[in-house]
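> A predicted structure for the sequence below; I have some questions about it.
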Amino acid sequence: MVCMRDLYEILEVERSASAAEIKKAYRKKAKQYHPDLHPGDEEAEQKFKEVNLAYEVLSDETKKRTYDVYGEEGLKNDYASSGGFGGGFGDIFGDIFDIFGGGFSANFSGGSSAKAPRDGANIRYDINLTFKEAVFGTEKDIQIRRTEECSRCHGTGAEDESSVHTCETCGGSGQVRESTTSAFGRFMRVVPCEDCGGTGTIIEEPCKHCKGSGYETVNRKLHVRIPAGVDDRSVITMSGEGHAGENGGQSGTVYIYLHIEEDKIFTREGNDLHVQIPIRYEDAVLGGTIQVPTLKKIIDYDIPAGTQSGEQFTIKGEGVPHLRRKGAGNLIFTVKILVPTKVSDEERKLLEELRHKNSDVKTEQEKGFLQKLKEFFE
């Protein structure tokens, strides 16, 4: 089971993005993380590799379509060439040969055999996670409904082994040759045997449990381990847990799509967390100790005198854990100075005295603003 980061998220584009938008996003990201601009920075190097991988897939229509349907596992298994879209190259050749009347089928007689191994279909499952479950990791039990070999006949489709016989029409090959005569001459084509349906065997007494199909649909419980640090739109793959394959083909894959709820306190950007903290104007002017929430506890943080509203402070390593390496992102908090709507008589008196005392004193910010106004109206 492997957890991957969404390729669209790496390039920061929507799934509906055009080829031009994907290319533009790639150039921006590649320039941002290029190793020449970050010598010795392993994190930047890793992100540069991710960006290139994402573009390699999303810029290729075939790979992009495969990824959209099957995720990362689809690219690993090369669904496009192994028959994962409903047939292999043999089926394509077979269609072409049918168009030309079967004149060339003798050279590819086994291309679309019903006895060829076929991989099972995949299953999609969506899971909703709370913010904390995504950040700290969790475990979930899910219920899926999948096709498996019949528990009674073990995939043979027969009530017992003695009722299974080799098809006399095709001799067990599952295929027969047909002759076609046209103005161009006589042609031979290979087609599935009608008597056995291309299986090569005849079942006299079908299995009562599966009605001779060899398969049954069952409910299965799967235990899913979700690692700490997963993000929205991440996909967890469970190979071999999908629908059963045919004729010895591999079982499909279960793709688990994660959907993360927003948090009331923290906002996540990658592995960094952002939080806005209100502070009193006295602390902003004089400096002081404020309380800052992290993922695990509330800590004390000393802010300097003269802190401005909207100013940001960073606490390293207090963000979301990294998925594929040690450590975590940063916690970035923004202060917002609270302006009281009501003050006591004593506070009002002190503020009036302070305003009167500083009425002729201009701060550097005020001086700069007045200078800009002056230049504007000159």
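Done, it's in. Remember, predicted model here, so these are calculated numbers, not experimental data.

> Enumerate the positions of stretch 27-38 that are buried.
Residues Lys29, Tyr33 are the ones in stretch 27-38 that count as buried (16 or more other CB atoms under 10 Å). Where C-beta positions appear, they are placed from N, C-alpha and C, glycine not excepted.

> and what of stretch 280-297?
Buried residues in stretch 280-297, counted by 16+ other CB under 10 Å: Asp283, Ala284, Gly288, Ile290, Val292, Pro293, Thr294, Leu295.

> So which of those residues are in strands?
Gly288, Ile290, Val292, Pro293 (DSSP state E).

> circling back to that earlier point, can you tell me which of the buried residues of stretch 280-297 is nearest Ile127?
Leu295 (21.0 Å; CB to CB).

> With Pro321 as the reference, measure out to the closest one.
Distance, Leu295 to Pro321, using CB to CB, to the nearest Å: 9 Å.

> and whichever strand or helix holds Lys31, how far from the chain's centre?
According to DSSP states H and E, Lys31 maps onto helix 19-33. The chain centre lies 20 Å from the centre of helix 19-33; the measure is CA atoms, centre = their mean, to the nearest Å.

> So which other helices or strands are in contact with it?
Where contact means 3 or more CB pairs under 8 Å, 6 or more residues apart in numbering; DSSP states H and E, helix 19-33 is packed against helix 7-11, helix 42-58.

> With respect to burial, which of those helices scores highest?
helix 7-11 (a mean of 21; mean count of other CB atoms under 10 Å).

> Report all helices and strands that that helix contacts.
Short answer (3+ CB pairs under 8 Å, 6+ apart): helix 7-11 packs on helix 19-33, helix 42-58.

> and of the buried residues of stretch 280-297, the nearest to Lys316?
Distance to Lys316, by CB to CB, is smallest for Thr294 among those, at 11.5 Å.

> How much space separates the nearest residue to Glu45 once chain neighbours are set aside from Glu50?
Leaving aside its chain neighbours, Glu45 sits nearest to Pro35 (5.5 Å; criterion: CB to CB, 6 or more residues apart in numbering). Distance, Pro35 to Glu50, using CB to CB: 13 Å.

> cool, and Arg268?
Distance, Arg268 to Glu50, using CB to CB: 18 Å.

> cool, Asp231 as well?
13 Å.

> same check, this time on Glu378
52 Å.

> ok so, going back, need the pLDDT of the residue nearest to Glu45.
We have a pLDDT of 77 for Pro35.

> contacting residues for it?
If a contact means CB atoms under 8 Å, 6 or more residues apart in numbering, then Pro35 has Asp41, Ala44, Glu45, Phe48 as its contacts.

> surely Glu261 meets Phe131?
Yes - judged on CB atoms under 8 Å, Glu261 makes contact with Phe131 at a distance of 5.8 Å.

> Settle it for me: which of those two has more neighbours?
Phe131 (18 against 13; other CB atoms under 10 Å).

> low-confidence ranges in the chain?
Within the chain, the stretches with pLDDT under 70 are 1-4, 69-70, 72-115, 181-186, 358-366.

> quick one: the helices in it?
Using DSSP state H, the helices found in the chain span residues 7-11, 19-33, 42-58, 61-77, 79-82, 89-99, 131-136, 281-286, 345-357, 364-377.

> Any chance of TSV for those helices, columns distance to Asn247?
Output for those, formatted as TSV (distance: least, CB to CB, whole Å):
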stretch	distance to Asn247
helix 7-11	33
helix 19-33	39
helix 42-58	31
helix 61-77	18
helix 79-82	14
helix 89-99	13
helix 131-136	40
helix 281-286	73
helix 345-357	84
helix 364-377	77
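
> right, and those - which one's nearest Glu194?
Of those, nearest to Glu194 by CB to CB is helix 89-99, at 16.2 Å.

> Count the neighbours of His243 for me.
21.

> how far away is it from Glu149?
Going from His243 to Glu149 by CB to CB gives 11 Å.

> if I pick Cys193, what's in contact with it?
Per CB under 8 Å, 6+ apart, neighbours of Cys193: Cys167, Thr169, Cys170, Ser173, Gly174, Gln175, Val176, Gly200.

> er, Val57 I mean
Contacts here follow CB under 8 Å, 6+ apart; on that basis Val57 touches Leu7, Lys63, Lys64, Tyr67, Leu75.

> tell me which of those residues is nearest to Val343?
Nearest to Val343 among the contacts of Val57 is Leu7, at 54.6 Å by CB to CB.

> Would you map the strands across the stretch 201-350 of the chain?
Here the stretch 201-350 of the chain has its strands, by DSSP state E, counting those that start in this stretch, at 201-203, 215-226, 235-239, 253-260, 267-269, 272-280, 288-293, 298-303, 312-315, 331-338.
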